[in-house]
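Q: Build me a model:
(one chain, ligands or ions: 1)
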Amino acid sequence: MDAQFSGGKQLDPEGMSLLDQAAEFTGEHELHQGSVLLEERVPGEFWSLETRNVHKAFGRSKILQGLDLGIPEGMVTVVLGPSGTGKSVLIKHIIGLLFPDKGEVMVHGESLSKMTMSRLLEVRKKFGILFQDGALFGSMSVYDNVAFPLRQHTDLGEGEIAEIVNARLADVGLTHAGGRLPNELSGGMRKRAGFARALVLEPEIVMFDEPDSGLDPVRTALLCELVTQMHEQHGGTYIIITHDIESARLAGEFFAVLWKGRIVQAGERDEMFNSDNPFVQQFLNRKLSGPLGME
Ligand SMILES: Nc1ncnc2c1ncn2[C@@H]1O[C@H](COP(=O)(O)OP(=O)(O)OP(=O)(O)O)[C@@H](O)[C@H]1O
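A: Modelled structure (predicted):
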(Lines give C-alpha, C1' and ligand atoms only; values in the text may rest on other atoms or scores of the structure.)
Protein backbone atom coordinates (compact mmCIF):
# COMPACT_ATOMS: atom_id res chain seq x y z
CA MET A 1 0.00 0.00 0.00
CA ASP A 2 1.13 3.56 -0.71
CA ALA A 3 2.57 5.01 2.44
CA GLN A 4 1.57 8.53 1.37
CA PHE A 5 -2.18 7.92 1.48
CA SER A 6 -4.10 11.14 1.41
CA GLY A 7 -4.74 12.90 4.66
CA GLY A 8 -3.51 9.97 6.70
CA LYS A 9 -1.37 10.51 9.74
CA GLN A 10 2.16 9.32 9.28
CA LEU A 11 3.18 8.05 12.66
CA ASP A 12 6.29 6.30 11.52
CA PRO A 13 9.32 8.46 10.67
CA GLU A 14 10.45 5.96 8.04
CA GLY A 15 7.29 6.58 6.09
CA MET A 16 5.48 3.25 6.64
CA SER A 17 1.74 3.60 6.52
CA LEU A 18 -0.32 2.62 9.51
CA LEU A 19 -1.58 -0.43 7.69
CA ASP A 20 1.95 -1.51 6.83
CA GLN A 21 2.87 -1.15 10.48
CA ALA A 22 -0.27 -2.97 11.50
CA ALA A 23 0.32 -5.75 8.99
CA GLU A 24 3.88 -6.20 10.21
CA PHE A 25 2.61 -6.28 13.75
CA THR A 26 -0.10 -8.88 13.35
CA GLY A 27 0.61 -10.67 10.09
CA GLU A 28 -0.71 -9.36 6.79
CA HIS A 29 -4.22 -10.30 5.61
CA GLU A 30 -5.10 -11.86 8.93
CA LEU A 31 -5.21 -8.31 10.23
CA HIS A 32 -8.00 -7.51 7.82
CA GLN A 33 -10.24 -10.37 8.74
CA GLY A 34 -11.80 -8.60 11.68
CA SER A 35 -12.06 -11.46 14.10
CA VAL A 36 -8.47 -12.68 13.83
CA LEU A 37 -5.81 -11.94 16.40
CA LEU A 38 -7.97 -9.39 18.17
CA GLU A 39 -6.35 -10.08 21.48
CA GLU A 40 -2.95 -9.23 20.00
CA ARG A 41 -3.89 -5.74 18.85
CA VAL A 42 -2.72 -2.80 20.87
CA PRO A 43 -5.87 -0.82 21.64
CA GLY A 44 -6.09 2.48 19.81
CA GLU A 45 -2.70 2.15 18.11
CA PHE A 46 -3.76 1.44 14.53
CA TRP A 47 -7.49 1.68 14.78
CA SER A 48 -9.39 4.86 15.53
CA LEU A 49 -12.40 2.72 16.27
CA GLU A 50 -12.93 -0.91 17.05
CA THR A 51 -15.92 -3.06 17.74
CA ARG A 52 -15.09 -6.31 19.49
CA ASN A 53 -17.55 -9.17 19.36
CA VAL A 54 -20.50 -6.76 19.48
CA HIS A 55 -23.94 -8.32 19.82
CA LYS A 56 -27.19 -6.36 19.72
CA ALA A 57 -30.76 -7.63 19.55
CA PHE A 58 -34.07 -5.80 19.55
CA GLY A 59 -36.54 -8.22 21.09
CA ARG A 60 -36.00 -11.47 19.18
CA SER A 61 -34.30 -9.81 16.18
CA LYS A 62 -30.59 -10.32 16.42
CA ILE A 63 -29.07 -7.43 14.47
CA LEU A 64 -25.36 -7.42 15.36
CA GLN A 65 -24.06 -10.93 15.95
CA GLY A 66 -20.42 -10.80 16.97
CA LEU A 67 -19.30 -7.76 14.99
CA ASP A 68 -15.52 -7.31 14.89
CA LEU A 69 -14.47 -4.21 13.01
CA GLY A 70 -11.35 -2.06 12.98
CA ILE A 71 -11.45 1.40 11.39
CA PRO A 72 -7.89 2.45 10.53
CA GLU A 73 -6.66 5.81 11.76
CA GLY A 74 -6.36 8.54 9.13
CA MET A 75 -8.02 6.73 6.24
CA VAL A 76 -11.37 6.86 4.45
CA THR A 77 -13.14 3.64 5.35
CA VAL A 78 -16.36 2.54 3.72
CA VAL A 79 -18.66 0.18 5.59
CA LEU A 80 -20.87 -1.49 3.01
CA GLY A 81 -23.75 -3.86 3.38
CA PRO A 82 -27.24 -4.68 2.13
CA SER A 83 -30.30 -2.76 3.35
CA GLY A 84 -31.49 -3.60 6.82
CA THR A 85 -28.27 -5.32 7.79
CA GLY A 86 -27.49 -3.08 10.76
CA LYS A 87 -25.34 -0.24 9.40
CA SER A 88 -27.28 2.50 11.19
CA VAL A 89 -27.37 0.40 14.35
CA LEU A 90 -23.57 0.17 14.08
CA ILE A 91 -23.23 3.99 13.75
CA LYS A 92 -25.34 4.43 16.89
CA HIS A 93 -23.03 2.08 18.77
CA ILE A 94 -19.95 3.94 17.55
CA ILE A 95 -21.19 7.27 18.91
CA GLY A 96 -22.57 5.76 22.11
CA LEU A 97 -26.26 6.26 21.38
CA LEU A 98 -26.77 2.50 21.68
CA PHE A 99 -24.73 0.08 23.78
CA PRO A 100 -23.99 -3.56 22.97
CA ASP A 101 -25.74 -6.43 24.77
CA LYS A 102 -22.32 -8.07 24.68
CA GLY A 103 -18.89 -6.96 23.44
CA GLU A 104 -17.18 -3.60 23.34
CA VAL A 105 -16.90 -0.50 21.21
CA MET A 106 -13.56 1.28 21.54
CA VAL A 107 -12.77 4.84 20.42
CA HIS A 108 -9.02 5.45 20.39
CA GLY A 109 -8.64 2.46 22.69
CA GLU A 110 -11.25 3.56 25.24
CA SER A 111 -14.33 1.42 25.80
CA LEU A 112 -17.52 3.48 25.47
CA SER A 113 -19.49 1.32 27.87
CA LYS A 114 -16.90 1.79 30.62
CA MET A 115 -16.97 5.59 30.43
CA THR A 116 -18.76 8.02 32.67
CA MET A 117 -21.45 10.09 30.97
CA SER A 118 -19.23 13.20 31.13
CA ARG A 119 -16.36 11.33 29.45
CA LEU A 120 -18.76 10.00 26.81
CA LEU A 121 -19.87 13.56 26.05
CA GLU A 122 -16.20 14.57 25.70
CA VAL A 123 -15.49 11.63 23.39
CA ARG A 124 -18.51 12.51 21.24
CA LYS A 125 -16.80 15.82 20.48
CA LYS A 126 -14.22 13.84 18.50
CA PHE A 127 -16.97 13.08 15.96
CA GLY A 128 -18.40 15.10 13.12
CA ILE A 129 -21.44 13.42 11.63
CA LEU A 130 -23.13 13.99 8.31
CA PHE A 131 -26.64 12.58 8.53
CA GLN A 132 -28.58 11.40 5.47
CA ASP A 133 -30.55 14.62 4.92
CA GLY A 134 -27.94 16.95 6.41
CA ALA A 135 -30.09 17.19 9.60
CA LEU A 136 -30.11 20.97 9.40
CA PHE A 137 -32.28 23.10 11.66
CA GLY A 138 -35.10 24.21 9.36
CA SER A 139 -35.65 27.61 10.95
CA MET A 140 -31.97 28.67 10.83
CA SER A 141 -30.01 29.96 7.85
CA VAL A 142 -27.23 27.81 6.43
CA TYR A 143 -24.70 30.17 8.05
CA ASP A 144 -26.32 29.80 11.48
CA ASN A 145 -26.56 26.02 11.07
CA VAL A 146 -22.82 25.82 10.40
CA ALA A 147 -22.06 28.28 13.23
CA PHE A 148 -24.27 26.36 15.69
CA PRO A 149 -21.65 23.87 17.03
CA LEU A 150 -19.13 26.69 17.48
CA ARG A 151 -21.65 28.78 19.43
CA GLN A 152 -22.65 25.74 21.51
CA HIS A 153 -19.25 24.22 22.26
CA THR A 154 -16.68 27.04 22.12
CA ASP A 155 -16.39 30.52 23.55
CA LEU A 156 -15.21 32.04 20.28
CA GLY A 157 -16.43 35.52 19.40
CA GLU A 158 -18.65 36.17 16.38
CA GLY A 159 -15.68 37.49 14.36
CA GLU A 160 -13.71 34.27 14.79
CA ILE A 161 -16.84 32.20 14.20
CA ALA A 162 -17.47 34.08 10.94
CA GLU A 163 -13.94 33.30 9.77
CA ILE A 164 -14.37 29.57 10.39
CA VAL A 165 -17.92 29.33 9.03
CA ASN A 166 -17.04 31.26 5.86
CA ALA A 167 -13.97 29.06 5.29
CA ARG A 168 -16.00 25.84 5.66
CA LEU A 169 -18.82 27.18 3.45
CA ALA A 170 -16.19 28.03 0.82
CA ASP A 171 -14.73 24.50 1.16
CA VAL A 172 -18.08 22.97 0.22
CA GLY A 173 -18.93 25.54 -2.46
CA LEU A 174 -21.73 27.27 -0.53
CA THR A 175 -20.26 30.75 -0.02
CA HIS A 176 -23.25 32.24 -1.83
CA ALA A 177 -25.85 30.26 0.14
CA GLY A 178 -25.13 31.26 3.77
CA GLY A 179 -28.26 33.38 4.02
CA ARG A 180 -30.66 30.74 2.69
CA LEU A 181 -32.91 28.48 4.70
CA PRO A 182 -32.47 24.70 4.32
CA ASN A 183 -35.76 24.31 2.45
CA GLU A 184 -34.42 26.71 -0.19
CA LEU A 185 -31.55 24.31 -0.98
CA SER A 186 -31.37 21.25 -3.22
CA GLY A 187 -30.71 17.85 -1.61
CA GLY A 188 -27.05 17.97 -2.64
CA MET A 189 -26.61 21.47 -1.21
CA ARG A 190 -28.21 20.39 2.08
CA LYS A 191 -25.71 17.56 2.31
CA ARG A 192 -22.83 19.93 1.60
CA ALA A 193 -24.09 22.31 4.29
CA GLY A 194 -24.31 19.34 6.69
CA PHE A 195 -20.75 18.44 5.72
CA ALA A 196 -19.53 22.00 6.46
CA ARG A 197 -21.24 21.79 9.86
CA ALA A 198 -19.72 18.36 10.55
CA LEU A 199 -16.21 19.78 9.97
CA VAL A 200 -16.53 22.99 11.91
CA LEU A 201 -15.16 21.72 15.23
CA GLU A 202 -12.21 20.04 13.48
CA PRO A 203 -13.31 16.51 14.41
CA GLU A 204 -10.83 13.65 14.54
CA ILE A 205 -13.42 11.26 13.14
CA VAL A 206 -16.03 12.13 10.51
CA MET A 207 -18.94 9.78 9.85
CA PHE A 208 -21.21 9.87 6.83
CA ASP A 209 -24.52 8.05 7.04
CA GLU A 210 -25.46 7.14 3.44
CA PRO A 211 -24.16 10.40 1.94
CA ASP A 212 -25.41 9.27 -1.49
CA SER A 213 -29.04 8.73 -0.53
CA GLY A 214 -31.43 10.77 -2.65
CA LEU A 215 -28.71 12.10 -4.98
CA ASP A 216 -28.39 11.48 -8.70
CA PRO A 217 -25.20 9.72 -9.89
CA VAL A 218 -23.47 12.96 -10.93
CA ARG A 219 -24.21 14.73 -7.62
CA THR A 220 -23.11 11.56 -5.81
CA ALA A 221 -19.79 11.54 -7.69
CA LEU A 222 -19.27 15.25 -6.96
CA LEU A 223 -19.99 14.70 -3.26
CA CYS A 224 -17.50 11.80 -3.18
CA GLU A 225 -14.90 14.04 -4.81
CA LEU A 226 -15.58 16.65 -2.14
CA VAL A 227 -15.18 14.03 0.59
CA THR A 228 -11.77 13.06 -0.85
CA GLN A 229 -10.70 16.72 -1.11
CA MET A 230 -11.77 17.52 2.43
CA HIS A 231 -9.96 14.46 3.72
CA GLU A 232 -6.79 15.52 1.91
CA GLN A 233 -7.14 19.04 3.28
CA HIS A 234 -8.17 18.35 6.87
CA GLY A 235 -6.97 14.76 7.51
CA GLY A 236 -8.68 12.63 10.16
CA THR A 237 -10.48 9.30 10.08
CA TYR A 238 -13.49 9.18 7.77
CA ILE A 239 -16.17 6.49 7.87
CA ILE A 240 -18.75 6.27 5.13
CA ILE A 241 -21.73 3.98 5.61
CA THR A 242 -23.47 3.11 2.38
CA HIS A 243 -24.86 0.39 0.15
CA ASP A 244 -23.81 2.26 -2.98
CA ILE A 245 -20.83 0.53 -4.57
CA GLU A 246 -19.97 3.42 -6.87
CA SER A 247 -19.61 5.94 -4.03
CA ALA A 248 -17.64 3.36 -2.11
CA ARG A 249 -15.26 2.85 -4.99
CA LEU A 250 -14.87 6.59 -5.58
CA ALA A 251 -14.20 7.68 -2.01
CA GLY A 252 -12.96 4.62 -0.10
CA GLU A 253 -9.43 3.54 0.79
CA PHE A 254 -10.36 0.75 3.21
CA PHE A 255 -13.54 -1.32 2.97
CA ALA A 256 -15.53 -3.44 5.39
CA VAL A 257 -18.47 -5.53 4.21
CA LEU A 258 -21.23 -6.15 6.74
CA TRP A 259 -23.82 -8.91 6.38
CA LYS A 260 -26.05 -10.70 8.85
CA GLY A 261 -24.60 -8.78 11.77
CA ARG A 262 -20.94 -9.60 11.13
CA ILE A 263 -18.04 -8.31 9.05
CA VAL A 264 -17.67 -10.73 6.16
CA GLN A 265 -14.34 -9.26 5.06
CA ALA A 266 -12.40 -6.01 5.44
CA GLY A 267 -9.33 -4.75 3.61
CA GLU A 268 -7.93 -2.37 1.05
CA ARG A 269 -9.56 -1.64 -2.30
CA ASP A 270 -7.78 -4.17 -4.55
CA GLU A 271 -8.03 -6.95 -2.03
CA MET A 272 -11.75 -6.37 -1.61
CA PHE A 273 -12.71 -5.83 -5.24
CA ASN A 274 -10.78 -9.00 -6.13
CA SER A 275 -12.05 -10.98 -3.15
CA ASP A 276 -12.68 -14.72 -3.40
CA ASN A 277 -15.42 -14.51 -0.80
CA PRO A 278 -18.69 -15.31 -2.63
CA PHE A 279 -20.75 -12.71 -0.75
CA VAL A 280 -18.16 -9.91 -1.12
CA GLN A 281 -17.75 -10.81 -4.80
CA GLN A 282 -21.51 -10.75 -5.39
CA PHE A 283 -22.10 -7.53 -3.49
CA LEU A 284 -19.16 -5.49 -4.81
CA ASN A 285 -19.67 -6.68 -8.39
CA ARG A 286 -23.48 -6.40 -8.21
CA LYS A 287 -24.03 -9.98 -9.38
CA LEU A 288 -27.55 -11.36 -9.31
CA SER A 289 -26.45 -14.86 -8.36
CA GLY A 290 -24.75 -15.56 -5.08
CA PRO A 291 -25.52 -15.91 -1.38
CA LEU A 292 -27.60 -12.68 -1.26
CA GLY A 293 -31.16 -13.11 -2.46
CA MET A 294 -34.43 -11.18 -2.00
CA GLU A 295 -35.21 -12.61 1.45
N1 LIG B 1 -34.47 0.87 17.93
C2 LIG B 1 -34.81 -0.22 17.23
N3 LIG B 1 -35.76 -1.06 17.68
C4 LIG B 1 -36.08 -2.18 16.98
N5 LIG B 1 -35.52 -2.54 15.80
C6 LIG B 1 -34.58 -1.74 15.30
C7 LIG B 1 -34.18 -0.54 15.98
N8 LIG B 1 -33.19 0.05 15.25
C9 LIG B 1 -33.01 -0.75 14.17
N10 LIG B 1 -33.84 -1.81 14.20
C11 LIG B 1 -33.87 -2.90 13.20
O12 LIG B 1 -32.54 -3.29 12.95
C13 LIG B 1 -32.42 -3.71 11.58
C14 LIG B 1 -31.21 -3.02 10.98
O15 LIG B 1 -31.53 -1.64 10.82
P16 LIG B 1 -30.52 -0.56 10.24
O17 LIG B 1 -31.30 0.72 10.10
O18 LIG B 1 -29.30 -0.53 11.06
O19 LIG B 1 -30.19 -1.15 8.80
P20 LIG B 1 -29.27 -0.50 7.66
O21 LIG B 1 -28.25 -1.52 7.32
O22 LIG B 1 -28.81 0.86 8.09
O23 LIG B 1 -30.31 -0.39 6.47
P24 LIG B 1 -30.43 0.68 5.27
O25 LIG B 1 -29.25 0.46 4.37
O26 LIG B 1 -31.70 0.25 4.60
O27 LIG B 1 -30.51 2.04 5.89
C28 LIG B 1 -33.72 -3.38 10.90
O29 LIG B 1 -34.47 -4.59 10.80
C30 LIG B 1 -34.39 -2.42 11.85
O31 LIG B 1 -35.80 -2.55 11.78
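Q: residues contacting the spatially most central residue of the chain?
A: Computing the C-alpha centroid of the chain and ranking residues by CA atoms, centre = their mean puts Ile239 first, at 1.5 Å. Ile239 makes contact with Leu49, Ile71, Thr77, Val78, Val79, Ile94, Ile205, Val206, Met207, Phe208, according to CB atoms under 8 Å, 6 or more residues apart in numbering. Every C-beta, even on glycine, is put in place using the N, C-alpha and C of the backbone.
Q: Swap in 10 Å and give it another go.
A: Applying CB atoms under 10 Å, 6 or more residues apart in numbering, one finds that Ile239 lies in contact with 48-49, 69, 71, 75-79, 90-91, 94, 127, 129, 205-209, 252, 254, 256.
Q: Shouldn't Leu250 be within a helix?
A: Yes. Assessed by DSSP: H, G, I helix; E, B strand; the rest coil, Leu250 belongs to a helix.
Q: I'd like the distance between the residue nearest to it when sequence neighbours are not counted and the ligand.
A: Nearest non-adjacent residue to Leu250, counting by CB to CB, 6 or more residues apart in numbering: Cys224, 3.9 Å away. As for Cys224, its distance to the ligand is 18 Å (criterion: CB to the nearest ligand atom, to the nearest Å).
Q: Check whether Cys224 really touches Ile245, as I assumed.
A: No. Between Cys224 and Ile245 there is no contact, the gap being 11.8 Å when judged by CB atoms under 10 Å.
Q: how close does the residue nearest to Leu250 get to Glu73?
A: As defined by CB to CB, to the nearest Å, Cys224 lies at a distance of 21 Å from Glu73.
Q: for Glu253, same thing?
A: On the measure of CB to CB, Glu253 and Glu73 end up 12 Å apart.
Q: Phi and psi next, for His93.
A: Listed backbone geometry of His93 is phi -70, psi -40, with angles given as degrees, to the nearest 10.
Q: Nearest residue to it in space, please, no chain neighbours.
A: Counting by CB to CB, 6+ apart, His93 lies nearest to Val105, which is 5.1 Å off, once chain neighbours are set aside.
Q: so how far is the ligand from that neighbour?
A: Going from Val105 to the ligand by CB to the nearest ligand atom gives 15 Å.
Q: Shouldn't that residue be within a strand?
A: Yes. Checked against three-state DSSP, Val105 lies within a strand.
Q: Spell out which parts of the stretch 1-150 of the chain neighbour the ligand.
A: Proximity of the stretch 1-150 of the chain to the ligand (CB under 6 Å from any ligand atom) is limited to residues Phe58, Ile63, Gly81, Ser83, Gly84, Thr85, Gly86, Lys87, Ser88, Val89.
Q: quick one, strands of this protein?
A: If DSSP state E is used as the criterion, the strands of the chain fall at 47-58, 61-72, 76-80, 102-107, 110-111, 127-130, 205-209, 237-242, 254-259, 262-268.
Q: Show the average pLDDT along the last one.
A: Confidence for strand 262-268, expressed as mean pLDDT, is 90.
Q: helices or strands next to the top helix by length along the chain in the packing?
A: Assignment by DSSP state H gives helix 217-234 as the longest helix of the chain. Judged by 3 or more CB pairs under 10 Å, 6 or more residues apart in numbering; DSSP states H and E, helix 217-234 is in contact with strand 76-80, strand 127-130, helix 158-171, helix 187-199, strand 205-209, strand 237-242, helix 245-251.
Q: Tell me which of these sits nearest to Arg119.
A: Distance to Arg119, taken as CB to CB, is lowest for strand 127-130 among the helices and strands packed on helix 217-234, at 14.0 Å.
Q: Mind listing the strands that closest one pairs with, and their directions?
A: With DSSP bridges as the test, strand 127-130 is paired with strand 205-209 (parallel).
Q: Low-confidence bits of the stretch 101-250 of the chain, can you list those?
A: Counting by pLDDT under 70, the low-confidence segments of the stretch 101-250 of the chain come to 133-134.
Q: residues in contact with the residue of it found nearest the ligand?
A: Of all residues in the stretch 101-250 of the chain, His243 sits closest to the ligand, at 5.1 Å by CB to the nearest ligand atom. Contact criterion CB under 10 Å, 6+ apart gives 79-85, 87, 210, 212-213, 258, 283 as the residues in contact with His243.
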